[in-house]
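Enquirer: Got a sequence here, can you model it:
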Amino acid sequence: MKAVVHYALEPCSVELREIAEPTPRAGEAIVRVRAVGVCGSDLHQYHNTQSWQVNVPVVLGHEFAGVIEAVGDGVQGWQVGDRVACETAAVICERCAYCRTGRYNLCPQRLGFGYGVNGAMTRYVRAPARILHRLPDTLSFEDAAMTEPCCVAAHAVIECSQPKPGDLVVVFGSGPIGLLCLQMAKLFSPRKAILVGLSTDGARLQVAEAVGAGAILCADRDDIEAIIRREGDGLGADLVIDAVGSSAVLEPCLRIARPDGQITKVGWGPEPLGYSLDPLVGKNLRLQGTFSHTWGTWERVLTLMGAGRLKLAPMRRAFTLEAWRDAFQAMEQRRTVKSVLIPE
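Expert: So this is what the prediction gives:
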């Protein structure tokens, strides 16, 4: 079968290859992939700019949904033909304190699809039954392939932040996670949910409007701090979400957050900060890092998705597996928010 393979730790070392079809081991299922999303991490691996260890060669893709094709020994509650989405924690130790308390997203031995083990940019993927989730009947496979980034956003906003009705929320980042964090924040009836992007974000800013941004600002054009100060009582944002892959973005987050407010950081940024963190102390701010998700997050999000509470269609564009390069470029050039590959 054909697969998009990251084969060496050098820039542009990704290609379409023929690989063997997997067979299920005990406790696992084989999922026929019906849709798989392209993540920013896939783009980082394509350029070899990732900050995590990659076990090459490896099939890319960790945002996927499909149909169970086969089940291994010991699998209960699942059968061939079930429609499923799958979490990313493909390997965990199941013994450490985090695994034993249900926080396996923090397991030190955790390996994910697409970098630690073979992912889903192919026809069939092997997945542990413990991380499968049943799809609502109302949910298309293309929508379901976006469950994972929805869960990243839900974990950040619903589980790790403290949004309240009437809050002023500001989200930095017009990528998939930023727009999904904006939508999660809107579930709490904020006074306004503002999206901060760049004037070069093009179509993504139009998508931000389509998914409900109360205002759209451009960090390279607008005086963000002055505009935020004119909102409400002038003291700043109650909740600021950093969904940008640059360390520099935390600095304006510190400036616009109101005293005793919160900053939730989702975006990765390997660069050194180069500025003072004193506002974190002087304003009595809460700075929260957030990573991945767990079983309960997925069940909550799939319920929201099945009920139509999230606007996903404006964010995505479908490509064939063979057109994976076009799919990657469409995201890099900001012609779409989320590319979704459809294996044939």
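Enquirer: what are the ranges of the helices in the stretch 101-250 of the chain?
Expert: 141-144, 147-154, 176-186, 203-210, 224-229, 250-256 (DSSP state H, counting those that start in this stretch).
Enquirer: Now distance to Ile194 too, for these, in JSON lines please.
Expert: C-beta: built from backbone N, CA, C; applies to glycine. Below are the helices of the stretch 101-250 of the chain laid out as JSON lines (distance: least, CB to CB, whole Å):
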{"stretch": "helix 141-144", "distance to Ile194": "26"}
{"stretch": "helix 147-154", "distance to Ile194": "16"}
{"stretch": "helix 176-186", "distance to Ile194": "9"}
{"stretch": "helix 203-210", "distance to Ile194": "10"}
{"stretch": "helix 224-229", "distance to Ile194": "7"}
{"stretch": "helix 250-256", "distance to Ile194": "10"}
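Enquirer: and stretch 86-99, which residues are buried?
Expert: Cys86, Glu87, Thr88, Ala89, Ala90, Ile92, Cys96, Tyr98, Cys99 (16 or more other CB atoms under 10 Å).
Enquirer: I'd like those as CSV, with pLDDT and secondary structure appended.
Expert: Listed next are the buried residues of stretch 86-99 as CSV, based on pLDDT from 0 to 100; DSSP: H, G, I helix; E, B strand; the rest coil:
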residue, pLDDT, secondary structure
Cys86, 98, strand
Glu87, 98, coil
Thr88, 97, coil
Ala89, 97, strand
Ala90, 97, strand
Ile92, 98, coil
Cys96, 98, coil
Tyr98, 98, helix
Cys99, 98, helix
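Enquirer: Go through those residues and name the one nearest Ala248.
Expert: Checking those against Ala248 with CB to CB, the nearest one is Thr88 at 27.4 Å.
Enquirer: Kindly provide the distance from Val58 to Asp82.
Expert: Distance, Val58 to Asp82, by CB to CB, to the nearest Å: 26 Å.
Enquirer: Which residue of the two possesses the greater neighbour count?
Expert: Taking other CB atoms under 10 Å, Val58 and Asp82 do not tie; Val58 has more neighbours (19 against 16).
Enquirer: Tell me the spatial nearest neighbour of the more buried one, not counting adjacent residues.
Expert: Take Val58 and drop its neighbours on the chain: the residue closest to it by CB to CB, 6 or more residues apart in numbering is His6, 5.4 Å away.
Enquirer: ok, now how distant is the spatially closest residue to Gly178 that is not a sequence neighbour from Cys218?
Expert: Residue nearest to Gly178 in three dimensions, not counting chain neighbours: Ala243, with 3.7 Å by CB to CB, 6+ apart. Ala243 sits 16 Å away from Cys218, taking CB to CB as the criterion.
Enquirer: ok, the two, which is more surrounded?
Expert: Neighbours were tallied for Ala243 and for Cys218 using other CB under 10 Å; the higher tally belongs to Ala243 (26 against 16).
Enquirer: residues in contact with the more buried one?
Expert: Applying CB atoms under 8 Å, 6 or more residues apart in numbering, one finds that Ala243 lies in contact with Ala156, Val171, Phe172, Gly173, Gly175, Ile177, Gly178, Cys181, Val266, Gly267.
Enquirer: Make TSV from the residues you listed and add neighbour count and pLDDT to it.
Expert: Below are the contacts of Ala243 laid out as TSV (neighbours: other CB atoms under 10 Å; pLDDT from 0 to 100):
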residue	neighbour count	pLDDT
Ala156	26	98
Val171	32	98
Phe172	28	98
Gly173	26	97
Gly175	23	95
Ile177	24	97
Gly178	27	98
Cys181	33	98
Val266	26	96
Gly267	19	92
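Enquirer: Can you tell me which of the residues you listed is closest to His293?
Expert: Lowest distance from His293 to the contacts of Ala243 (CB to CB) belongs to Ala156, with 9.1 Å.
Enquirer: can you pull the contacts of that closest one?
Expert: Contact analysis of Ala156 by CB under 8 Å, 6+ apart lists Ile177, Cys181, Met184, Ile241, Ala243, Thr264, Val266, Thr290.
Enquirer: The third one - how many residues pack around it?
Expert: When neighbours are defined as other CB under 10 Å, Met184 has 28 of them.
Enquirer: what's the pLDDT at the residue nearest to it when sequence neighbours are not counted?
Expert: Once flanking residues are discounted, Met184 sits nearest to Val157: 3.9 Å by CB to CB, 6+ apart. Per-residue pLDDT puts Val157 at 98.
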